[in-house]
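K.L.:
Next come a sequence and a model predicted from it.
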Amino acid sequence: MPTAVYYAEGVEAMLPYHYRGGISSTLSVYPIIITSNIDTETSIRITAPPGYIWEFQQDDDIRYGPPNNPDDDHHHIHTIPGPPPTIQNSYRQLVWEEVVLVPDVVYGFSHRIRVPDNDPIDGLNSYVLEVGYRDAYRTRHGVAMMDAGSIRVINNMYIDYLTDVASYSHNTIDIVFTLVTGLPLGGGIIIRANDLARGLIIEGNTIDDFFTELSGTCIPLDNIEPGFLALPPTAVCEIIPRRKHPDWSSRLSPSSDLGGGDNSAAYGLIIVITAAGGDDNTRLLDDDEASPHLHSEGAIQPGRYKLRFKCKNPDTLTNGDEILWTIESYYNIGEYPSGGASIADTPASAPGLPINAKMNEAFIIDDAAILTPTVRTATGRDDRPGKRNEILIAFGFTSGGSIEPSQVYSSRAKCGIVALA
């Protein structure tokens, strides 16, 4: 029983219901063609993926078949006969209890459905259409499974970093996320950090040449790990000057759980990455404010990204709070300040990088006077490459107190060192 699902609004339909301001999407299912003889009443049931919700509609608003299109091979589509469908099983199922279908006739229907915030994680991301679902196996007429498509939302976002020590001048920050929708030339990504990031300085062209917090260029590092995509070579990465922050403030509601705010919201850092063709015409800053580094070629592809920046940490402590980071993507990023940019994926946010005081002392015990052969044997110390090793770490807190059972103590090692449980 070949069939497929279509969204009347195109890619716009795959934005979450709440992000579209409570607007549901129109789903059309066709062609439904029965090839076996049906001489009795049967039934139809379509089950949506977890999280999707079918909407109740007035009888005169229900459209059982998509608009006829003379250029479409399936333009002669018949509506499903009988009473309107009912919605069952926590709004996931659309059910026609009794219908009579004629073999080899093309049927189809359309109905409104609410798209959730994320793809399902506890079930298949597919619609399942059953004809004759209440009947015995010998009279079941067909089952079809149709891919629901990916919901347009930036997902799997998190922030990682080398150290959270205040004023540390050679830190690295990893901003990890997945784009569902690719961005053509002129499209781009906005990365914002809230006011706790004030004083965070992204490195410019060389390791010792830091731009001020007001403007400059940013260069994501190229050491992409397996499983991550690289930005195209011509992508332009820019730091927005603080005086222009109001133009680039989030359009999200101040009450949004993504940490958005109105145009008066304060940000410590705003980074814009633009998909460019390498002609230098897509930079967003004036020539006297930045010299954009051309980092990769063409469009930004959908997929998993890890953007790693070298930076200097702020001098001001955040008192245990973490900086809140938000990512948004747009098709025409240059028109964002004027309000003309079109959303590509729903934004995402994640906390990361508290700014804390440095410990009084922290080091690996490596003094030969302490690490005698007897101590090495007792502690399992073995510095040979590839060998299991036991190391002793000494440290002292800046102020009085201790790590409580609910708190976390963590240490980070250089790449190549594997921690064993």
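P.N.:
That came in fine, so what should we check first?

K.L.:
if I pick the closest residue to Asp160 other than its chain neighbours, what's in contact with it?
P.N.:
Spatial nearest neighbour of Asp160, chain neighbours left out: Asp174 (4.1 Å); criterion: C-beta to C-beta, 6 or more residues apart in numbering. Bear in mind the C-beta positions are built from the backbone N, C-alpha and C, glycine included. Under the criterion of C-beta atoms under 8 Å, 6 or more residues apart in numbering, the neighbours of Asp174 are 159-161, 306-308.

K.L.:
Give the buried residues for the one helix or strand Asp174 maps to.
P.N.:
If you go by DSSP states H and E, Asp174 is part of strand 171-179. Neighbour-count burial for strand 171-179 flags 171, 173-179 (criterion: 16 or more other C-beta atoms under 10 Å).

K.L.:
Alpha carbons of that strand, as PDB, please.
P.N.:
Taking C-alpha atoms only, strand 171-179 is exported to PDB below (Å, rounded to 0.1, in the frame of the first residue of the first chain):
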ATOM      1  CA  ASN A 171      41.400  28.900  27.900                       C
ATOM      2  CA  THR A 172      39.500  27.000  25.200                       C
ATOM      3  CA  ILE A 173      35.700  26.800  24.900                       C
ATOM      4  CA  ASP A 174      33.800  24.200  22.900                       C
ATOM      5  CA  ILE A 175      30.300  25.000  21.700                       C
ATOM      6  CA  VAL A 176      28.700  21.800  20.500                       C
ATOM      7  CA  PHE A 177      25.400  21.600  18.700                       C
ATOM      8  CA  THR A 178      23.500  19.900  15.800                       C
ATOM      9  CA  LEU A 179      21.900  21.800  13.000                       C
END
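
K.L.:
chain center to that strand, what's the gap?
P.N.:
12 Å (C-alpha atoms, centre = their mean, to the nearest Å).

K.L.:
Stretch 374-392 too?
P.N.:
How far stretch 374-392 lies from its chain's middle: 42 Å, per C-alpha atoms, centre = their mean.

K.L.:
Check stretch 150-169 too.
P.N.:
The answer for stretch 150-169 is 12 Å, by C-alpha atoms, centre = their mean.

K.L.:
what distance separates the start and the end of that stretch?
P.N.:
The first residue of stretch 150-169 is 40 Å away from its last residue (C-alpha to C-alpha, to the nearest Å).

K.L.:
Equivalent analysis for stretch 99-107, please.
P.N.:
12 Å.

K.L.:
before we move on, the earlier item: next secondary structure after the strand holding Asp174?
P.N.:
strand 188-194.

K.L.:
ok, that following strand: who's next to it in the sheet?
P.N.:
Paired neighbours of strand 188-194 in the sheet (DSSP bridges): strand 267-274 (antiparallel), strand 322-330 (antiparallel).

K.L.:
just flag whichever of those strands has the lowest average confidence.
P.N.:
Per-stretch mean pLDDT for the strands paired with strand 188-194 is lowest at strand 267-274 (a mean of 90).

K.L.:
what angle sits between that strand and strand 171-179?
P.N.:
For strand 267-274 against strand 171-179, the angle by axes from the mean of the first three to the mean of the last three C-alpha atoms, to 10 degrees is 60 degrees.

K.L.:
Outside of strand 267-274 itself, list whatever touches it.
P.N.:
Here strand 267-274 has contacts from 186-200, 202, 213, 218, 220, 231, 235-240, 245, 248-249, 282-284, 300, 307, 314, 323, 333-334, using C-beta under 8 Å, 6+ apart.
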